[in-house]
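Engineer: need coordinates for the following:
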Amino acid sequence: MGFDWGLFLAALVTTGLAWAVTWAVRRYAGKLALLHAPNGRSSHAELTPHGGGLAIVVAGILAAFGLGMADSDYALVMLGLALAIALLGLWDDIWPLSVAPRLLVHVLVCGLAVVWLGDAPGVVGLALLLVAGVWWVNLFNFMDGIDGLASVQALFMLIVGAALAAGFSPEAIQFVTWRWMWLLAAATLGFVLHNWPPARIFMGDVGSTFLGFVLFALALISHREGWLPFSVWLILGTLFVVDATVTLLIRMSRRERWYEAHRSHIYQRLALKLGGHLPVTLLALAINLGFLAPLAYLVMAHPDLTWLGLGLAYGLLTVAVLWLHSSGYIDSNIRQRTSDRTAIMKHFSSSPREMFASAWRNRELIVQMTKREVVGRYRGSVFGIVWSFFNPILMLTVYTFVFSVVFKARWHTGSDSKTEFAIVLFAGMIVFSIFAECINRAPSLVLANPNYVRKVVFPLEIMPWVALGASLFHAVVSLVVLLVFVLIVNHALPWTLVLTPLVLLPLFLFTLGLIWFLGSLGVYLRDVGQTVGIFTTALMFLSPVFYPVSNLPAAYQGIVMLNPIAIVLEQARDVLLWGKVPDMTTYGVFLIISTLIAWLGFAWFQKTRKGFADVL
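Structural biologist: Next up is the predicted model:
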């Protein structure tokens with residue numbers, strides 16, 4: 001049979017599609033909540049998009065349907081199970097799951113695959129295949145810890161496996177699953193173009209578990225159909241199997257918490273030893289092509305030497321991995337590299353420029369974490385985030401009834417409207433709630449996230465921005481409700497409301513400064529959290545939230561206006577309700593003072609954060 005141009009063109013299209021989807025995931029990673037903060041298993045130190053394996057899933061499954069795999073019951077079952085495991089991985093990438101539900105789904109999916117696709121003799125054979133499948137899916141995920149390694153391994157197994165099958169079993173090219181192996185490799189190639197060291201995006205669980213399961217399912221199908229035996233698949237996957245399995249057994253023998261994230265695999269330690277990911281990925285490729293591929297060829301050419309091939313592959317690599325674990329060769333300069341990296345990490349800039357530069361650098365992470373904060377607040381409730389609209393409507397209704405009907409209160413503006421007091425009060429409550437909500441959370445902001453301090457290279461200084469962002473979301477919703485109510489009552493809105501963000505800017509800076517200060521102080525002095533609530537409650541009654549400043553005796557009016565919250569409350573009501581432009585002199589002075597307070601709080605946080613890990 002001549003060169004298959006149709007398959008070649010399909011591979012080009014699949015590669016292009018995978019490249020485009022990967023680019024899209026990179027571009028919108030923040031909005032998709034697919035930014036990866038380094039954790040205990042990571043070999044990187046910066047925030048990086050992940051979930052790029054979604055491109056392999058999309059391009060691979062579309063290619064499968066283009067080949068007509070839906071007409072094959074076995075292929076359709078494989079695709080359905082693979083899609084299920086990919087969706088679980090995507091869920092885990094966005095909303096991390098515990099081990100139990102992930103393992104349960106892996107067992108169910110691999111069990112269905114073994115029963116439907118496998119050809120194992122007896123119950124023992126089925127059980128062994130089930131264990132092998134679950135372990136392979138998970139170890140493929142474990143080995144996806146440095147740039148390009150898992151995707152290159154998948155490319156090697158798919159391309160070399162398909163080539164060996166075509167060379168020794170010509171009938172293999174008639175099977176749609178054999179043709180799909182080439183297209184799946186093409187999809188992986190499209191992702192590798194973004195994932196090659198230094199990676200611009202990671203595969204994520206959606207890709208690693210999908211590829212792990214598909215390789216296992218292809219092994220079941222090809223072995224049953226007789227064009228690529230299990231022994232060859234075992235040899236092609238030796239590198240991953242040995243590193244993951246030996247490392248697991250060593251950690252268990254040392255009574256370490258083997259189920260927790262770690263960086264103990266040989267490939268991760270070699271990356272530290274060699275000073276980068278690229279040398280390790282190239283070394284893995286060289287071992288695959290120079291050692292394992294010839295052994296797989298030997299087994300295909302001489303089936304009677306199968307056990308010899310398996311023994312050489314697993315025996316020699318197991319000895320090598322054990323030696324690397326025990327000899328100290330890898331660890332000879334890891335400590336120095338780690339201490340150097342730690343020394344660099346411990347220098348935290350406290351310059352005014354860094355206060356804003358850090359927020360800009362991590363803007364996508366801030367948006368992602370703010371979104372999680374807002375959604376998490378309503379998770380589990382029947383109406384979910386809709387409560388963010390109900391709450392201000394209910395509050396405005398209560399205020400209107402209590403103050404216009406019960407107290408018959410007025411704001412002394414010359415208006416006889418019964419609802420005006422409620423509107424003015426509600427405007428003040430919206431502004432004050434931005435401040436109060438953030439300040440009440442500040443002392444526990446770092447305490448509630450110890451993993452960010454102890455286990456992760458994480459920009460802790462952005463956490464006040466997240467708290468402020470979540471508070472602003474609810475304030476904006478309340479503000480929309482307020483403006484709709486004002487429009488209904490007054491039939492018009494003042495043009496000055498466009499100045500609202502400008503008027504609130506000093507409040508934002510003032511609040512950020514206090515969050516940085518209290519967030520750090522709360523780590524060292526736990527009593528801060530108990531006193532802040534009392535302080536904000538007292539401040540609410542000492543600020544013109546429930547009364548106009550003009551109601552106070554003249555001797556106290558000047559004192560109250562020294563309260564920075566009072567300045568913002570008065571100016572916010574001016575632009576939102578009265579159509580007045582705020583006094584720019586007062587505004588300018590408050591803006592300068594707020595910026596100074598923000599910087600002082602930021603500097604305090606940066607100078608004191610070095611001790612967070614010791615205290616927590």
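
Engineer: can we go C-alpha only for contacts and neighbour counts from here?
Structural biologist: OK.

Engineer: list the contacts for residue 245?
Structural biologist: Residues near residue 245 by Cα atoms under 8 Å, 6 or more residues apart in numbering: residue 139.

Engineer: what helix or strand does it sit in?
Structural biologist: Element membership for residue 245 (DSSP states H and E) is helix 238-253.

Engineer: cool, residue 613 as well?
Structural biologist: Per DSSP H and E, residue 613 falls inside helix 612-615.

Engineer: return the helix or strand in the protein with minimum mean pLDDT.
Structural biologist: helix 334-345 (a mean of 45; mean pLDDT, DSSP states H and E).

Engineer: shaky segments in the stretch 101-250 of the chain?
Structural biologist: Low-confidence segments of the stretch 101-250 of the chain, defined by pLDDT under 70: 120-121.

Engineer: ok, which stretches of the stretch 51-200 of the chain are helices?
Structural biologist: Using DSSP state H, counting those that start in this stretch, the helices of the stretch 51-200 of the chain run over 54-66, 73-94, 99-117, 122-142, 149-168, 176-195.

Engineer: quick check: buried residues in the fifth one?
Structural biologist: Of the residues in helix 149-168, those buried under the neighbour-count criterion (16 or more other Cα atoms under 10 Å) are 149-166.

Engineer: what's the mean pLDDT across stretch 351-364?
Structural biologist: In this model, stretch 351-364 has an average pLDDT of 87.

Engineer: take it, keep the C-alpha atoms, and write them as PDB.
Structural biologist: Provided in PDB are the C-alpha atoms of stretch 351-364 (Å, rounded to 0.1, in the frame of the first residue of the first chain):
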ATOM      1  CA  SER A 351       8.500  49.600  46.600                       C
ATOM      2  CA  PRO A 352       5.400  51.600  45.700                       C
ATOM      3  CA  ARG A 353       5.900  50.500  42.100                       C
ATOM      4  CA  GLU A 354       5.800  46.900  43.100                       C
ATOM      5  CA  MET A 355       2.500  47.400  45.000                       C
ATOM      6  CA  PHE A 356       0.800  48.000  41.600                       C
ATOM      7  CA  ALA A 357       3.200  45.900  39.400                       C
ATOM      8  CA  SER A 358       2.500  42.800  41.400                       C
ATOM      9  CA  ALA A 359      -1.200  43.200  40.900                       C
ATOM     10  CA  TRP A 360      -0.800  43.700  37.200                       C
ATOM     11  CA  ARG A 361       1.500  40.700  36.800                       C
ATOM     12  CA  ASN A 362      -0.900  38.500  38.600                       C
ATOM     13  CA  ARG A 363      -4.100  40.100  37.300                       C
ATOM     14  CA  GLU A 364      -5.500  36.800  35.800                       C
END
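
Engineer: need the contact partners of that stretch.
Structural biologist: 29-31, 35, 366, 461-462, 465, 599, 602-603.

Engineer: now do the buried residues in it.
Structural biologist: Residues of stretch 351-364 classed as buried: 354-355, 359, 363-364 (neighbour count, 16+ other Cα under 10 Å).

Engineer: send the alpha carbons of stretch 591-599 over as PDB?
Structural biologist: Listed next in PDB are the C-alpha coordinates belonging to stretch 591-599 (Å, rounded to 0.1, in the frame of the first residue of the first chain):
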ATOM      1  CA  LEU A 591      -6.100  60.400  47.700                       C
ATOM      2  CA  ILE A 592      -2.500  61.300  48.700                       C
ATOM      3  CA  ILE A 593      -3.000  60.100  52.300                       C
ATOM      4  CA  SER A 594      -4.700  56.900  51.100                       C
ATOM      5  CA  THR A 595      -1.900  56.100  48.700                       C
ATOM      6  CA  LEU A 596       0.600  56.600  51.400                       C
ATOM      7  CA  ILE A 597      -1.300  54.300  53.800                       C
ATOM      8  CA  ALA A 598      -1.600  51.700  51.000                       C
ATOM      9  CA  TRP A 599       2.100  51.700  50.500                       C
END
